[in-house]
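test case, fold it:
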Amino acid sequence: MPEVSALRVRRGVGPAAWLLSALLLAGVLAPVVANDRPILARVGGRIVTPALADLPLLGGLFASAETRTVDWRSAGPEVRILLAAPVPYSYRGIRLDETLRPPGRRHLLGTDALGRDLLARLIHGTRPSLAVGFGATALALFFGGLLGGTAGLRGGMADLAVMRCADVVACFPPFVLALAFVAAAGRGGIAPIVCAVALSRWAATARYIRGEILRHRGSDLWAAARATGGSIPGLAIRHLLPLLAPPLLVMAAFGVAYAIVLESSLSFVGLGVEPPAPSWGTILAEARGTLDAAWWPVFFPSLALLVVLGALCLAADRASGERPGGLLA
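Purely as a prediction, here's the structure:
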């Protein structure tokens with residue numbers, strides 16, 4: 001029964017969706033969750049919000065002279081902290097007197113070789129990892145869907161050109177292709193990494209969409225849909241797109257997982273996010289030299305990757321049971 005199947009899918013995806021939503025929220029609110037600057041403080045007679053000034057896009061609304069000039073770790077009596085961040089450490093705060101501290105009450109996940117709090121770095125590392133994962137997957141689905149749909153619906157030279165380009169991309173290992181693109185584009189933030197990962201992933205989406213369109217275009221149901229009138233692109237959007245949506249959601253979930261692994265691999269070899277901004281791959285790369293002395297700088301980033309990839313694969317596996325709708329279903 002469709003109702004029972006949809007209910008089962010929603011229940012199965014629920015825990016993974018909640019986990020991913022929590023990670024996304026933690027990434028967006030990372031300056032509020034992990035910061036050595038307080039969320040709320042009184043400086044003289046003014047109430048200021050230093051941590052909120054680090055929020056992406058909206059940070060300028062909370063910036064003030066005090067947020068840039070006050071040293072909150074050694075503030076005088078005129079400064080009173082009203083609300084500290086849940087993790088009162090900065091991801092870039094180097095403390096050489098606290099290097100490689102094991103997990104404990106002061107540092108829940110311990111510190112790295114430079115005395116930086118590992119939990120704060122993992123929280124801030126969520127932002128580039130998930131940004132690359134979701135951004136690259138969205139880009140690959142958009143261009144792969146556009147090119148694959150054009151190839152399947154128009155055929156002829158358009159089909160030949162798209163498929164030959166996809167063949168060329170498929171000839172290169174994805175990591176090597178992304179590595180070459182990032183090296184050629186230079187290290188300028190997340191945008192080159194997103195484009196590099198999307199470049200290595202669009203061909204698989206284009207091939208799948210083209211194949212599904214060709215399969216359904218030869219059916220009697222497609223002929224019946226053509227008999228109702230309308231343009232081919234309009235009929236494809238109205239009837240084929242609902243049919244392809246559930247498999248594309250599954251591809252998207254696996255694509256995000258693959259993109260996160262690829263971003264971590266690029267960061268691990270030094271072509272990812274530029275320091276001091278952390279990502280999970282960067283944290284793992286920095287922990288290579290401390291593995292003999294401490295296990296936690298390697299264990300906790302690896303565990304974060306494992307949990308996120310497991311949640312994405314679980315969501316994809318459960319969502320694959322969803323029943324499509326539409327005239328051609």
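
could you find the closest non-adjacent residue to residue 86?
Closest residue in space to residue 86, ignoring its immediate chain neighbours: residue 33 at 5.6 Å, by Cβ to Cβ, 6 or more residues apart in numbering. (C-beta placed from N, C-alpha, C; glycine too.)

got phi/psi on residue 81?
Backbone torsions of residue 81, given as degrees, to the nearest 10, read phi -80, psi 120.

next: residue 93.
Note on residue 93: its backbone torsions stand at phi -80, psi 100 [degrees, to the nearest 10].

now do the SS call for residue 102.
Here residue 102 takes the coil state, with states given by DSSP: H, G, I helix; E, B strand; the rest coil.

what number of residues lie near the closest residue to it other than its chain neighbours?
Leaving aside its sequence neighbours, residue 102 sits nearest to residue 110 (Cβ to Cβ, 6+ apart; 5.2 Å). Around residue 110 there are 21 other residues, counting by other Cβ atoms under 10 Å.

check residue 109 too.
The burial count assigned to residue 109 is 23, neighbours taken as other Cβ under 10 Å.

who touches the residue nearest to residue 86 in this structure?
Under the criterion of Cβ atoms under 8 Å, 6 or more residues apart in numbering, the neighbours of residue 33 are 26, 85-87, 123.

looking at these, which are in helices?
26, 123 (DSSP state H).

of the contacts of residue 33 - the most surrounded one?
Neighbour counts for the contacts of residue 33 were taken using other Cβ under 10 Å; the highest belongs to residue 123, which has 25 neighbours.

could you measure from the residue nearest to residue 86 over to residue 119?
As judged by Cβ to Cβ, to the nearest Å, residue 33 and residue 119 stand 9 Å apart.

mutual contacts of the two, please.
Both residue 33 and residue 119 are in contact with residue 87, where contact means Cβ under 8 Å, 6+ apart.

re the thing from before, need the max-distance pair from the contacts of residue 33.
Comparing all pairs in these by Cβ to Cβ, the longest separation belongs to 26 and 85, at 12.3 Å.

can you give me the helices for the protein?
Counting by DSSP H, the chain forms helices over residues 2-28, 30-33, 65-69, 118-154, 156-170, 174-185, 190-217, 220-227, 232-235, 241-268, 280-286, 296-319, given from the N-terminal end onward.

wait, residue 239 touches residue 223, no?
No. Taking Cβ atoms under 8 Å as the contact criterion, residue 239 and residue 223 are not neighbours in contact, 11.9 Å apart.

looking at the two, which is more packed in?
Between residue 239 and residue 223, counted using other Cβ under 10 Å, residue 239 has the larger neighbour count: 22 against 10.

give me the pLDDT for the more buried one.
In this model, residue 239 is scored at 73, pLDDT.

ok, residue 61 next?
77.

and residue 207, by the same measure?
For residue 207, the model assigns a pLDDT of 91.

what residues of stretch 76-89 count as buried?
The neighbour-count criterion (16 or more other Cβ atoms under 10 Å) identifies 79, 84-85, 87-89 as the buried residues of stretch 76-89.

which residues are contacting that stretch?
With Cβ under 8 Å, 6+ apart as the contact definition, stretch 76-89 has outside contacts at 32-44, 47, 51, 70, 72, 75, 107-108, 116-117, 119-120, 123.

centre of the chain to that stretch, how far?
Using Cα atoms, centre = their mean, to the nearest Å, the mean C-alpha position of stretch 76-89 is found 31 Å from that of the whole chain.

export it as CSV, just CAs?
Once side chains and other backbone atoms are set aside, the C-alpha atoms of stretch 76-89 remain, and they are given as CSV (Å, rounded to 0.1, in the frame of the first residue of the first chain):
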residue,chain,number,x,y,z
GLY,A,76,39.1,44.0,33.3
PRO,A,77,36.4,44.6,35.9
GLU,A,78,34.5,46.9,33.5
VAL,A,79,33.7,43.8,31.4
ARG,A,80,31.1,41.3,32.7
ILE,A,81,30.3,38.1,30.7
LEU,A,82,26.6,37.4,30.9
LEU,A,83,26.4,34.3,28.6
ALA,A,84,29.4,32.3,27.4
ALA,A,85,29.4,30.0,24.5
PRO,A,86,28.7,26.3,25.2
VAL,A,87,32.2,25.4,24.1
PRO,A,88,34.2,28.4,25.3
TYR,A,89,37.2,27.9,23.0
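
same question for that stretch, mean pLDDT?
85.

what of stretch 21-30?
Computed over stretch 21-30, the average pLDDT equals 87.

go on, stretch 104-112?
Here the mean pLDDT over stretch 104-112 is 92, rounded to a whole number.

which one of the contacts of residue 33 is nearest to residue 269?
Proximity to residue 269 was ranked across these by Cβ to Cβ; first place goes to residue 123, at 23.5 Å.

ok, now which ones touch that closest one?
Contacts for residue 123 were tallied using Cβ under 8 Å, 6+ apart; they are 26-27, 30, 33-34, 87, 91.

sorry, back to before: from the contacts of residue 33, pick the one nearest residue 209.
After measuring these against residue 209 - Cβ to Cβ - the closest member comes out as residue 26, at 33.4 Å.
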